[in-house]
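Participant: I would like the atomic coordinates for the input below:
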Amino acid sequence: MSRIASLFLDNSAEQAAIPDSKPAGTKAYRILFVDDEPNVLKAMRRIFRQENYQLLTAGSGPEALALLDRHQPVHVVVSDHRMPGMTGTQLLKQIKAKYPKTIRIMLTGYADTDAVMGAVNEGAVYKFITKPWNDDDLRLTVSLALEQYDLIRENRSLKQQAENHQKEIKRLSRFVNAHHSQLGHLLLKAGLIDEKTLEKALSIQAKSNTVLPKILVNIGAISEKAIIGAIEKRTDINRVSPAEFSVPEALAALIPREICEQNMLVPLKRSDQKLIVAMADPTDLNKIDDLTFITGMPVQPVVATGKEILATVKTIYGETDVFDAVLSEIDLSDPTEQIEIVLEETDEGADIEELLRAKDKPPAIRIVNAIISDALRHNASDVHIEPKTKYIMVRYRIDDLLVDKLHIPLNMHLAIVSRIKVMSDLDIAERRRPQDGRITVKSSTRMVDMRISTLPTINGEKVVLRILDKNAASKEIEELGFSGRDLEAVIHFIERPQGIILATGPTGSGKTTTLYGMLRKGARITKNFTTIEDPVEYQMGMAEQVNVRDKIGLSFSTVLRAILRQDPNVIMLGEIRDHETAEVAFNAALTGHLVLSTLHTNSSIAAITRLRDMGLAPYVISDALVGVIAQRLVRCTCPHCRTADHPDKQMRRSLNITDPEFKAWRGAGCDRCNGIGYKGRIGVYEIFQVDREIKRMIHQDAAEPELLHATRLTGMSTLLDDALKKVKEGITTCEEVLRVFGPQHTTQIVCSHCHGLMEQRHNYCPYCGKELIKHCRQCGQLLARDWHHCPKCGNTAQRDDTETGPPNPYGP
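Facilitator: Now for the predicted structure:
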C-alpha cells in the first residue's frame, strides 16, 4: 500500500465492498474513471491498484451514468474531455445535477482550454489535468479531491448539528420567554418609578422579549444599583457576586448559553438539592418555574447585576464561537462549499499528512475559506492577516486603500497561518524566515490565483495574500482610461511588427492589465502569441501561457530562449528583472519579434536609465525600444454623488496648479459608493514614443532632463498632466491625485519662449538663450525670483516666463 493510501485509513466499522486483500477495518473510497480509450482505463487501474479505492471504469458517458445509478456513493469521477456521443463536460454537468456531492475531475489531452475552463467556471469541474499525466500527480490530485469530499461532508454534518442545536434552543426558549415579573409593582410601591414609566417598560418588553431591569435602566428610569437595593430590602432574595463562584461544566450544561444571555441569568452552584441561579430579575416566578422544569431541580434565585451575569456567562461558557463571529462580520454561511483549493501540478509531492492534520481543525479551514470568499466578494486586491498583541487583524486592500475588516482571537493565529501554508505548499514548521507560495482558488463565480507571502514579526507570522483574478484582463484597451492621443500612440505600438514596448510603474499600478489589453487589441489568428509570467495572472485563449518556476531553474530568460524556437510573433514577458533577461528580451526584439514587458520605474524616461543600469548598450536600447507607458491607478469619483469642487491654495500649490480658477470635482458620498465618494479605479498614463530624434539621443547616451525636454517639445503629457486633466473632467479628484503622486513642489520652471525645463537658479534659458533675470519696469531695480514687489518703488514684479512649480511671483 502506498504512502498516500495509508493516510485514508481509520477504525470505522463502515466498510464498502472491496477485495479481500484490503485490510479489515478500512474505509474504501469509490472512484469512477471514464474514457473511450481502453488503454487509458487499464493505465488507471495500474496506477491505483495498490490504493484503498474501489475502482469503476466506463468507456462512455451513458455507461458511466448507468454505473453511477447502480453504485452509490461514488466519491470521485475522473472523465476524459473529448469522447464520442457525450463529451466529458456534458457528462460532468449531468453528474453535478444528479449527484452534487461527487467530486468531478476532467482529464484531457487536447488544448481546448476555453471549453474546459468554461466547465470549471460553471462548477461542473472541480479540477482538470492534462495528458500525458504524471502518475504521482494523478494520485495526489485524487487524494486531495477525496479530502475535499470529506471536508464538505463534515461541514454539512456541523451545519446539521448547529441547526439541531438551534431547534433545541427554540424549544427550550418557549418555556422561559413568558414574563411574569413582580419587579414593576415592587418598584412602584417603593416609589422608585411611576405608573407611566412602568407601562412604557412593559410595552417595550412585550415587543423585545427583554428582561424588565434592563429595559428600565436603558430608558433611564432607574439605576441597576437601586433595583438591586429594592429587591434586597423588600424580599428575602440575597445579593451575590457571580464572579466568586466556580461553576463546573456539568452544571453549566443544564441551561443553554442562549437562554442565559437572553434572560440575563446564570447557574452558580448546587446546594441542598437546589440549583442556585443568579438572575437580573429574580422576582419573575414564571421563569423560576420554567428553569425548574428544564433542569429537573428546584431553583433558588439570587440577584446580581446584568453586567456581572453576562461576564460570568462568558467565563463559564467560553468565547462566542469564533467561526460564527467571523461569519457574522463577513456575511457568509457556508464558506467550505464556496471555496475550493485547486492545487497546481508540481514535480514535488505535497505533504498529505499536513493536509489531514489541518483538517482536524475545521474552524481554521472554515475561517480561511470565509476570509477568501469575502475578499473576492469585495473585489479586494490583497488580504493582510496581521497578528497583534491581543488579536489578529484582517485587512483588505480595496481600490488601493487598506480597510480594517475584522478581528479574530489570537489563539487562532497558528492554526490559520498553518492552514494557509498547507494550501500554498509552504513549510509549516519554518516560522523564522519569510516564505512565498501560491495557490489557485475556485469560488462559486470565478477562479483566481493567489500569491502568498509570510513574514515573521514580533507578534508572530504576518501573511499577505495577493489576489490575481484570471479573468480580470477582459477589458479592451479603449476602456483603460487612455486619452485620445495616447490611445492612438498605444495602438500604433501594438501594430509594430517588431521592437519592445515597456510598461512602467510601481506594483499594483495596472501594468499587466495594460499589456493584456494591448495583446487583445493585436490578437490575430495569423499570429503566434506567447506569455511568460510568474505566475500567469490572467487567462487568454489566443495565447500560449507559461509559468516561471525558479525552483527548477525555469527562469524568465530560460523560458524566453526556449520560446524563441517556437516561432513566436508576439511575446509578453512578465517582468525584466536582470541583465540576462533584458539582454535576451532586447535581442528578441531586434530579431523580428514584438516583445511586451514591464519595469519598476517612476516615469517613462526613467526606464532608459534603468536599462542602462542593467548593462544594456545604448545602441541596443535605441534600436529595439518602440515606446514606454508609465502609469498609475487613481480612484474614480462616484458618478452618483459627484459635485463641483474648488481646490484651495495649498492644494493647488501641492499639485503645481497655477490657475486660481481651476475647476475640480469630488464625491459627496452616497449608498452606491458606501459613503466614500469613490467607485472603481482608472489609469493615468504617460506615453514616451521613441521617434528618430529620441533614438539618436538615446544612442548618444543623453541624460534624462535632455530626453524629457525633447519629449515635451513633441507634446508628451506627463503622468501629472494626465491626472489633472482627469480631475478637470470629473473623473477623479485633487485629493486622490495628491494621495497617489504626493506633493509636487519643484524648483523647475518652463521657458515661455521654447518651453524648456530649467532650474530657478538659471539666469538664461539653456535651450534658447532667453534672459530670465528681470529688472523693475518702473525704476530698474534688479529683482530676485521670489519677490512679489520691487523693494525700491513698490511696483508689482512681473516676468515673462511661466513656472510649473509653485505660483510664480512674477506673474503669468
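Participant: hey, where'd the helices end up in the stretch 501-650 of the chain?
Facilitator: In the stretch 501-650 of the chain, the segments counted as helices under DSSP state H, counting those that start in this stretch are 511-522, 556-563, 579-590, 606-613, 618-624, 649-654.
Participant: Can you point out the buried residues in the second one?
Facilitator: Judged by neighbour count (16 or more other C-beta atoms under 10 Å), helix 556-563 contains these buried residues: Phe556, Ser557, Thr558, Val559, Leu560, Ile563. For every residue, glycine as well, the C-beta is placed using N, CA and C.
Participant: Contacts for that helix, please.
Facilitator: Residues from elsewhere that reach helix 556-563 (C-beta atoms under 8 Å, 6 or more residues apart in numbering): 530, 532, 534, 546, 548, 571, 573-578, 580-581, 584-585, 588.
Participant: Show the buried residues in the residues you listed.
Facilitator: Among the contacts of helix 556-563, those buried by neighbour count (16+ other C-beta under 10 Å) are 530, 532, 534, 546, 548, 571, 573-577, 580-581, 584-585, 588.
Participant: Pro705: which of those is nearest?
Facilitator: Closest to Pro705 out of the buried ones among the contacts of helix 556-563 is Ile576 (24.1 Å), distances taken as C-beta to C-beta.
Participant: gap between that closest one and Ile621?
Facilitator: In this structure, Ile576 and Ile621 are 12 Å apart, going by C-beta to C-beta, to the nearest Å.
Participant: Quick check: beta-bridge partners of Tyr678?
Facilitator: In this entry, Tyr678 is beta-bridged to Thr637, by DSSP bridges.
Participant: mind checking pLDDT for it?
Facilitator: Tyr678 is assigned 90 on the pLDDT scale.
Participant: The contacts of helix 556-563 in strands, which ones?
Facilitator: Mapping the contacts of helix 556-563 onto strands (DSSP state E) picks out Thr530, Ile532, Val546, Ile571, Leu573.
Participant: out of those, who's nearest Arg632?
Facilitator: Closest approach to Arg632 among the ones in strands among the contacts of helix 556-563 (C-beta to C-beta): Leu573, at 21.5 Å.
Participant: List the contacts of the residue nearest to the closest one when sequence neighbours are not counted.
Facilitator: Leaving aside its sequence neighbours, Leu573 sits nearest to Ser597 (C-beta to C-beta, 6 or more residues apart in numbering; 4.0 Å). Listed by C-beta under 8 Å, 6+ apart, the contact set of Ser597 reads Ile500, Ile501, Leu502, Ala503, Leu515, Met572, Leu573, Gly574, Glu575, Ile576, Ala585.
Participant: Pick out whichever of the buried ones among the contacts of helix 556-563 sits closest to Glu479.
Facilitator: Among the buried ones among the contacts of helix 556-563, and counting by C-beta to C-beta, the member closest to Glu479 is Gly574, at 22.2 Å.
Participant: can you pull the contacts of that closest one?
Facilitator: So Gly574 contacts Thr512, Thr531, Ile532, Glu533, Asp534, Glu537, Val548, Phe556, Ser597, Thr598 (C-beta under 8 Å, 6+ apart).
Participant: and the gap between the fifth one and Gly481?
Facilitator: Think Asp534. 26 Å.
Participant: for Ile31, same thing?
Facilitator: Ile31 sits at a distance of 50 Å from Gly481 (criterion: C-beta to C-beta).
Participant: cool, Asp35 as well?
Facilitator: For Asp35 relative to Gly481 (C-beta to C-beta), the value is 48 Å.
Participant: would you say Lys405 is within a strand?
Facilitator: Yes: membership of Lys405 in a strand is supported by DSSP: H, G, I helix; E, B strand; the rest coil.
Participant: pretty sure it contacts Arg377?
Facilitator: No: the pair Lys405 / Arg377 is not scored as a contact, 11.3 Å apart, by C-beta atoms under 8 Å.
Participant: Tell me which of the two has more neighbours.
Facilitator: Neighbour count, other C-beta atoms under 10 Å: between Lys405 and Arg377, Lys405 has more, with 20 against 14.
Participant: Next one, pLDDT for the residue nearest to Arg520 when sequence neighbours are not counted please.
Facilitator: Nearest residue to Arg520 in three dimensions, chain neighbours excluded: Glu476, at 6.5 Å (C-beta to C-beta, 6+ apart). If you check Glu476, the pLDDT there is 84.
Participant: Please parse this protein into its domains.
Facilitator: Domain segmentation of the chain under automatic domain parsing yields 3-155, 177-317, 322-470, 473-632+681-716, 746-812.
Participant: tally of neighbours for Gly191?
Facilitator: Neighbour count for Gly191, taken as other C-beta under 10 Å: 8.
Participant: again with Pro743
Facilitator: Number of residues near Pro743 (other C-beta under 10 Å) recorded here: 12.
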